[in-house]
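Visitor: everything below, folded, please.
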Amino acid sequence: MNTLHRLLLTVSLVVGCGSTNIIGDSGSDADTDTDTDTDTDTDTDTDTDTDTDTDTDTDTDTDTDTDTDTDTDTDTDTDTDTDTDTDTDTDTDTDTDTDTDTDTDTDTDTDTDTDTDPATCDDPDIVLTDVYVAERNDELFTDCCPDGEVLVGFSGESTAGPDYYIGKLRGLCGVPAGTCDETGAGSVSISAGTTLSTRGTNGAVAWERACPDGEVIVGFSGKAGWWFDGFTFSCAPLELDCVDSVYTLGASTELEPYGGAGGVSFDPIACEPGTIGVTTVIGTGYGEGEGFVTGLGLGCKALPFE
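Guide: Just a heads-up that it's a prediction; the model follows:
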């Protein structure tokens, strides 16, 4: 309760009790008392309530479910169906036709073919012999000894016996050299020179026919049918005349034949007198590649030669 309320309550109690106090004396005195009480009460109540509630809930649930289902179903169905159908149809047709044709053809070809047109290398002094061509000849090849060399033999390959068909053939060249002794007598020796190209692609049995030292090829003969069955080569000695400083030729002789028993003999083919072989003309045909040897001729050159 404040002060104002207490004062008012006191006054009320005095009046209520009927008590009157008069104070005076003779004279007029007036006393006035004024009391003013001002009470100001200011009550400020500040209530600050701060409530902080922090709730942290962490729930970790880990569920691992592993389900493995393995189903193996094996179904084996075997169906065997055997159907046998046998149909037999027999048709018999008999036709008899009799045709009689009688054709008699007689062709007689004797190939002592003389092909004088193959190349002669670059030497205009070379003269070709006849070229014997067998029945199955396809192509002719010309190969020349280099300048200063002469033809001294042949080598090649044949099939195995007893036929010995000539499947490969090549010319052998040599280098002649003449010397004169103090008496004026001359002698000639021939050293190995160029081996010409191989013509033909058949055969596996190697063979060779070469003139004796100092001699040169001057001709050949042989046997042939579809191809060559064998050869016989002729050689002549090369002689040196020291007086006139020229070469001359002696009498020719035949080398040992080479080949089989088959084929038909043909006439000898030779260089003109006073000439010697320096070139080969070889024919091939009938077989894989160039085939067998099917032709042969010579290119010859006159003496004296450089």
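Visitor: for the chain, give me the ranges with low pLDDT.
Guide: Scanning the chain with the threshold set as pLDDT under 70 gives 1-120, 304-306.
Visitor: can you map out the helices along it?
Guide: Shown for the chain, the helices assigned by DSSP state H span residues 3-16.
Visitor: around G250, count how many other residues there are.
Guide: G250: 12 surrounding residues under other C-beta atoms under 10 Å. For the C-beta atoms, the positions are set from N, CA and C on the backbone; glycine is no exception.
Visitor: give the contact list for it.
Guide: In this structure, G250 makes contact with 236-239, judged by C-beta atoms under 8 Å, 6 or more residues apart in numbering.
Visitor: ok, for it, nearest residue in space, not its chain neighbours?
Guide: Once its chain neighbours are removed from consideration, G250 has its nearest residue in P237; the separation is 4.0 Å (C-beta to C-beta, 6 or more residues apart in numbering).
Visitor: how about V131?
Guide: Looking at V131 with C-beta to C-beta, 6+ apart, the closest residue is G297, at 3.2 Å.
Visitor: returning to what we had before: so the residue nearest to G250 touches I217, yeah?
Guide: No: if you go by C-beta atoms under 8 Å, P237 and I217 don't touch, sitting 12.0 Å apart.
Visitor: hang on, isn't the residue nearest to V131 packed against V127?
Guide: No: in this structure, G297 is not within contact of V127 by C-beta under 8 Å, at 11.0 Å.
Visitor: what about the two, which has more around it?
Guide: When neighbours are counted by other C-beta under 10 Å, G297 comes out ahead of the other of G297 and V127, with 26 against 17.
Visitor: picking up where we left off before, pull the contacting residues for the residue nearest to V131.
Guide: By C-beta under 8 Å, 6+ apart, the contact list for G297 reads 115, 118, 128-132, 269, 280-281.
Visitor: of those residues, closest to T159?
Guide: T159 has its nearest neighbour among the contacts of G297 in Y132, at 19.9 Å by C-beta to C-beta.
Visitor: of the contacts of G297, which is the most crowded?
Guide: In terms of neighbour count, V281 stands highest of those at 28 neighbours, by other C-beta under 10 Å.
Visitor: dig out what that one forms beta bridges with.
Guide: Using DSSP bridges, the beta-bridge partners of V281 come out as T142, G297.
Visitor: gap between it and A206?
Guide: In this structure, V281 lies at 22 Å from A206, with C-beta to C-beta, to the nearest Å as the measure.
Visitor: all good on my end, thank you.
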